[in-house]
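**Student:** dropping a prediction and its sequence here:
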Amino acid sequence: MSTHNYPVQKSEAEWKAELGPERYKILRGKGTEFPHSGKYNLAFDKGTYCCGACGQPLFKSDSKFESGCGWPSFDESIPGSVEYIKDTTFGMLRTEILCSNCGSHMGHVFDDGPTETGQRYCVNSLSVDFEK
């Protein structure tokens, strides 16, 4: 995780107990779910996508679009809700996105979005909850 001092602080043991193994692997272990497997990939109901670890609102449904990449995609986040971290794992240069409230991993943001923002926030379904 980032060295940032987040408002929500828990031990990794507490996170693991609260999140369960699948969500813990994504949110705290920076994992990635298999493409086209997440329940929010093709969901387009109106509402808000919130951090699956702490509940902070991250994305509004009107920013969601079908990117074809296999993960939920958004063209912008709610201002102040996301922290951006340079990620050079796996020999790639990417920008990781974390919840600014608890530091949990959401996915990555890319500069190849089809809308006017030019952004594609590629988010794991397991890292978010949806509120209508």
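**Tutor:** Structure's in. What do you need?
**Student:** switch to C-alpha atoms for all contacts and neighbour counts from now on
**Tutor:** OK.
**Student:** SS state for the residue most central in space within the chain?
**Tutor:** For the chain, residue 106 is the residue whose C-alpha lies nearest the centre (C-alpha atoms, centre = their mean; 2.1 Å). Secondary structure for residue 106, judged by DSSP: H, G, I helix; E, B strand; the rest coil, is strand.
**Student:** swap in residue 29?
**Tutor:** Applying three-state DSSP to residue 29 yields a three-state assignment of coil.
**Student:** can we start the residue count at 65 from this point?
**Tutor:** Shifting the count to begin at 65 puts that one at residue 93.
**Student:** give the contact list for it.
**Tutor:** Residues near residue 93 by C-alpha atoms under 8 Å, 6 or more residues apart in numbering: residue 169.
**Student:** do you know how far it is from residue 134?
**Tutor:** Distance check for residue 93 against residue 134: by C-alpha to C-alpha, to the nearest Å, it reads 20 Å.
**Student:** what of residue 172?
**Tutor:** Going from residue 172 to residue 134 by C-alpha to C-alpha gives 13 Å.
**Student:** show me the contacts for residue 142.
**Tutor:** Neighbouring residues of residue 142 by C-alpha under 8 Å, 6+ apart: 121-124.
**Student:** next one: residue 182
**Tutor:** Counted by C-alpha under 8 Å, 6+ apart, residue 182 has contacts 139, 175-176.
**Student:** in the chain, where is pLDDT below threshold?
**Tutor:** Low-confidence segments of the chain (pLDDT under 70): 65-67.
**Student:** what about the helices in it?
**Tutor:** For the chain, the helices defined by DSSP state H occupy 76-91.
**Student:** surely residue 113 meets residue 192?
**Tutor:** Yes. Assessed by C-alpha atoms under 8 Å, residue 113 is found in contact with residue 192 at 6.0 Å.
**Student:** on that earlier part again, as a markdown table, the contacts of residue 182 with distance to residue 85 and neighbour count would be great.
**Tutor:** Below are the contacts of residue 182 laid out as a markdown table (distance: C-alpha to C-alpha, whole Å; neighbours: other C-alpha atoms under 10 Å):
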| residue | distance to residue 85 | neighbour count |
| --- | --- | --- |
| 139 | 29 | 24 |
| 175 | 31 | 13 |
| 176 | 32 | 13 |
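**Student:** many thanks, have a good one.
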